[in-house]
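Colleague: please find the sequence and the predicted model below.
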Amino acid sequence: MIQFVNVEKAFGTQRVIISANFAIHDGERVGFVGPNGAGKSTLFEMLAGTVTPDKGDCSYGPNQRLGYVRQQLHAYSEDTTLLDYTENAVPELKTIQAELHKVEHALQDCSSEEQERLLKRLGNLQTEFEHFGGYELKNRAETILSGLGFEVEHFGNPFKTFSGGWQIRAELARILSSKPDILLLDEPTNYLDVPAVEWLKDYLNGFAGTLVLVSHDRYMLNSLTKITIEVMGGYVTRYPGNYAKYMTGRQARYDQLVAQKRNVDHKKEQLQRFINRFKGKATKAAQAQSKQKMLDRLEDIEIPNITMKGPKIVLPDPPRSGDEIFRLENACYSYDGKKDVFKHLDLRLERGERAVFVGLNGMGKTTLLRLIAGHLELNSGKLVVGHSVKMGYQSQDFSETMDPEMTVYDTARSQAVDKSEANIRSLLGGFGFHGEAIDKHVQVLSGGEKVRLGLVRLLLQPLNFLLLDEPTTHLDVYTREALEVALQSYKGTLMLVSHDVDFVKAVATTIFYMTPGKLTRYYGNYDYFRQKLTAENAESAAILDGKVKSMSAGTVIGKKAEKAQASETYQERKQRKRDEVQIRTEIGKLKRPYDKKVQATEARISVLEKEQKELYEVLGNAKPGTDFAAGNIRLAEIKKELDDLAWRWEEAASALEDLTKTCEERLALLDE
């Protein structure tokens, strides 16, 4: 169990955490919410031991392993391969492996008496190695890396050759592979694309330990958590339910506090009036003293100084554009002239559309936005921008174009000379720049603050076509919701890249799905896109299954002869790649319930083995009054359940092995 008892923390004169008292029980799934800078990550750092509380104590069970994924990477090694980095998830395994080798070497030349002792030690070490998941660690690491978007052919690449975002993905994979008892995730979706977010959500739904999540992603919070802990204004408050239920309960609690304060203040006012009126009269002095005691006993009702709703963001009305916003004709682009990002692409957007690009990282989503914005030039083909289109582009490096010597307010004012000071201050406040913060110079802002200021500067302009690349990455959940509402009422045209599923659901009316060498348009919202994609995958699976069965029935020889006569065309290679992906996806879905069963079984075995060990210790050091009969009965029950669990684990593990073999066989048939 995680416990925070009277915890306080300040940085300088700012009190970040004030008298935090709360507990998280084993197996609970908890979401931490609150504005940026409220102290959520500080609570995580205190639990991990990297930050010390000024007062109070925070702790978790002595036999529990903690897995912590930070917003910023603290890589333990950059000189190893991606797979080795991910596999090095459980430090105990290396120690056990080293001793295993030592014992095995000692067994080659020892006395019979020593051999018996060494064999016993060897058995204990193998049990420990199995307990820490050593035998299936590599397979688990590969599965998680694939789920988070890494290509199998890149598993052997040096860790340091990956970009910062991909390195953080690898760190997430490393911690997940360790199967900790307590999993702390601090903004895990910041560097994930939508497919990886969907995969991570499914994976965490099967996680058997205690899950604690800091996130501004409402989709993840609503899908994964059952408890919400709010960190705001220095205070920490626990609410039952996921994010949606928390918002309802939070408003009810706030209204209740306001009503209580009104009643208490009214009663105080009445008592004070009576005291002031009669304290000087001898006949009423006793009553006045009694009223004073009542007044002294009344405690103030403190209402946290917090914003209950997100800021109101009002976008300027855009000028009218032509019906066509832009079109790409036979567009081709490559960074190095060798590998195409896309080829022969035709794309058109009309006025009023709200289009979102979805797909794995590396498919070219950001590149396409940069080309449309004119920041890159096509290698061939044509880009035509429509009549009277006034385009605004926000990217993750857009903020670096701002003058570092200018203040926050002057930077915003420079793009909105026709706006009143109140309008500019209001929008700046909506993006987290309050009070004296608007007088800060750009050069002292953090990366996230620069991105938010860049977004403010863009939204102050009367533009009729907005291209936004991950606009919600550095926004807290309340500002995300406010931006979402503003873009819903925006009268211009919108094209964006985002990994925030709820944001995409609320804003998009058209989805562009990017896969290798292909861009597919879905005329509908995100839910429609998911339904169509699921149906298409099911249809492809049925066709593929029939194809594989047909091949296994005797068409393999014919196919070999065909391919011997003619080289494989580009279309055939592309189709084969699709077939491979489909087979892996289909088998992956079949393996998922067995994976969950293995994890759940291992978790239960761990609990029982711990109880068994404690019982042996109690009975072995028996004191007067020890109930040996009850202890032995319980030990028999544990043994029976452990035997049953071992059988279940073996059954699930065997099924996983069979499915892996089936996958390999079906992939091999494609190469025949």
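Modeller: Structure's in. What do you need? Residues are numbered from 1 along each chain as shown.
Colleague: how about the strands in the stretch 1-150 of the chain?
Modeller: 2-11, 14-24, 29-33, 55-59, 66-69 (DSSP state E, counting those that start in this stretch).
Colleague: looking at those strands, which is nearest to residue 106?
Modeller: Residue 106 lies closest to strand 66-69 among these, at 33.9 Å (C-beta to C-beta). From N, CA and C alone the C-beta is placed, and that goes for glycine too.
Colleague: average pLDDT for that closest one?
Modeller: Throughout strand 66-69, pLDDT has a mean value of 86.
Colleague: could you say what helices and strands it packs with?
Modeller: helix 40-48, helix 164-177, strand 182-186 (3 or more C-beta pairs under 8 Å, 6 or more residues apart in numbering; DSSP states H and E).
Colleague: pLDDT on the last one, on average?
Modeller: When you say that, I think you mean strand 182-186. 91.
Colleague: now it and strand 2-11, what's the angle there?
Modeller: Interaxial angle of strand 182-186 relative to strand 2-11 (axes from the mean of the first three to the mean of the last three C-alpha atoms, to 10 degrees): 30 degrees.
Colleague: in terms of secondary structure, what does the following helix or strand past strand 182-186 contact?
Modeller: Beyond strand 182-186 in the direction of the C-terminus, DSSP states H and E gives the next helix or strand as helix 194-205. Applying 3+ C-beta pairs under 8 Å, 6+ apart, one finds that helix 194-205 contacts helix 137-147, helix 164-177, helix 218-224, strand 354-359, helix 501-507.
Colleague: mind doing that once more with 6 Å?
Modeller: Judged by 3 or more C-beta pairs under 6 Å, 6 or more residues apart in numbering; DSSP states H and E, helix 194-205 has no packing partners among the helices and strands.
Colleague: i'd like the first residue to be 179 from this point on
Modeller: Right, with 179 as the first residue, what we last looked at is helix 372-383.
Colleague: outside of that helix, which residues touch it?
Modeller: Residues outside helix 372-383 that contact it (C-beta atoms under 6 Å, 6 or more residues apart in numbering): 325, 326, 327, 367, 401, 402, 536, 538, 677.
Colleague: correct me, but the last one touches residue 366?
Modeller: What that stands for is residue 677. No - with contact defined as C-beta atoms under 6 Å, residue 677 does not reach residue 366; the gap is 11.0 Å.
Colleague: okay, those two: which has more neighbours?
Modeller: For residue 677 versus residue 366, the count of surrounding residues by other C-beta atoms under 10 Å is larger for residue 366: 28 against 22.
Colleague: now the more buried one. Its backbone dihedrals?
Modeller: Phi and psi for residue 366, reported as degrees, to the nearest 10, are phi -70, psi -20.
Colleague: next, count neighbours for the nearest residue to residue 679 once chain neighbours are set aside.
Modeller: Spatial nearest neighbour of residue 679, excluding adjacent residues (C-beta to C-beta, 6 or more residues apart in numbering): residue 397 at 3.9 Å. Counted by other C-beta under 10 Å, the residues lying close to residue 397 total 21.
Colleague: so how far is residue 833 from residue 397?
Modeller: 31 Å (C-beta to C-beta, to the nearest Å).
Colleague: kindly report the same for residue 583.
Modeller: 64 Å.
Colleague: what do you get for residue 221?
Modeller: To residue 833, residue 221 is 40 Å away according to C-beta to C-beta.
Colleague: who has more neighbours out of the two?
Modeller: Set side by side, residue 221 and residue 833 show more neighbours around residue 221, with 29 against 17, by other C-beta under 10 Å.
Colleague: any idea how far residue 651 is from the more buried one?
Modeller: Remark: distance between residue 221 and residue 651 (C-beta to C-beta) = 22 Å.
Colleague: give me the number of residues near the closest residue to residue 536 other than its chain neighbours?
Modeller: Nearest residue to residue 536 in three dimensions, chain neighbours excluded: residue 372, at 5.0 Å (C-beta to C-beta, 6+ apart). For residue 372, the neighbour count with other C-beta under 10 Å is 26.
Colleague: what pLDDT does the residue nearest to residue 325 when sequence neighbours are not counted get?
Modeller: Closest residue to residue 325 apart from its sequence neighbours, by C-beta to C-beta, 6+ apart: residue 377 at 4.2 Å. With respect to pLDDT, residue 377 scores 89.
Colleague: re the thing from before, save the contacts of helix 372-383 as TSV, and put in pLDDT and distance to residue 349 too.
Modeller: Output for the contacts of helix 372-383, formatted as TSV (pLDDT from 0 to 100; distance: C-beta to C-beta, whole Å):
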residue	pLDDT	distance to residue 349
325	87	15
326	88	10
327	85	14
367	86	14
401	91	22
402	92	19
536	89	24
538	79	19
677	85	17
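Colleague: which members of those are the farthest-apart pair?
Modeller: 402 and 538 (21.8 Å).
Colleague: so who does residue 396 touch?
Modeller: Counting by C-beta under 6 Å, 6+ apart, residue 396 has contacts 421, 680.
Colleague: quick check: it vs residue 688, distance?
Modeller: Using C-beta to C-beta, we find residue 396 at a distance of 22 Å from residue 688.
Colleague: which is the next helix or strand following the helix or strand of the chain with the lowest mean pLDDT?
Modeller: The helix or strand of the chain with the lowest confidence, counting by mean pLDDT, DSSP states H and E, is helix 734-743 at a mean of 41. With elements assigned by DSSP H and E, the helix or strand that comes after helix 734-743 is helix 748-798.
Colleague: which helices and strands sit right next to the helix or strand just after that next one?
Modeller: For helix 748-798, the following helix or strand on the C-terminal side (DSSP H and E) is helix 806-849. The criterion is 3+ C-beta pairs under 6 Å, 6+ apart, and the helices and strands that helix 806-849 contacts are helix 748-798.
Colleague: and the helix it packs on, what does it pack onto?
Modeller: By 3+ C-beta pairs under 6 Å, 6+ apart, helix 748-798 packs against helix 704-728, helix 806-849.
Colleague: how is the chain carved up into domains?
Modeller: 180-424, 425-475, 502-702, 746-849 (automatic domain parsing).
Colleague: now those domains in TSV, with distance to residue 496?
Modeller: Listed next are the domains of the chain as TSV, based on distance: least, C-beta to C-beta, whole Å:
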stretch	distance to residue 496
domain 180-424	27
domain 425-475	31
domain 502-702	4
domain 746-849	40
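Colleague: could you tell me the least trusted of those?
Modeller: Mean pLDDT across the domains of the chain is lowest at domain 746-849; the value there is a mean of 74.
Colleague: can you give me how far that one is from the chain middle?
Modeller: Counting by C-alpha atoms, centre = their mean, to the nearest Å, domain 746-849 is centred 25 Å from the centre of its parent chain.
Colleague: coming back round to it: winner for burial among the strands of the stretch 179-328 of the chain?
Modeller: Per-stretch averages of neighbours, counted by mean count of other C-beta atoms under 10 Å, single out strand 207-211 among those, with a mean of 24.
Colleague: who touches it?
Modeller: With C-beta under 6 Å, 6+ apart as the criterion, strand 207-211 contacts 202, 218, 389-392, 399, 402-408.
Colleague: and the residues you listed, which is closest to residue 663?
Modeller: residue 399 (18.5 Å).
Colleague: quick one: the closest one from residue 210, how far?
Modeller: 9 Å.
Colleague: residue 498 too?
Modeller: In terms of C-beta to C-beta, residue 498 sits 45 Å off from residue 210.
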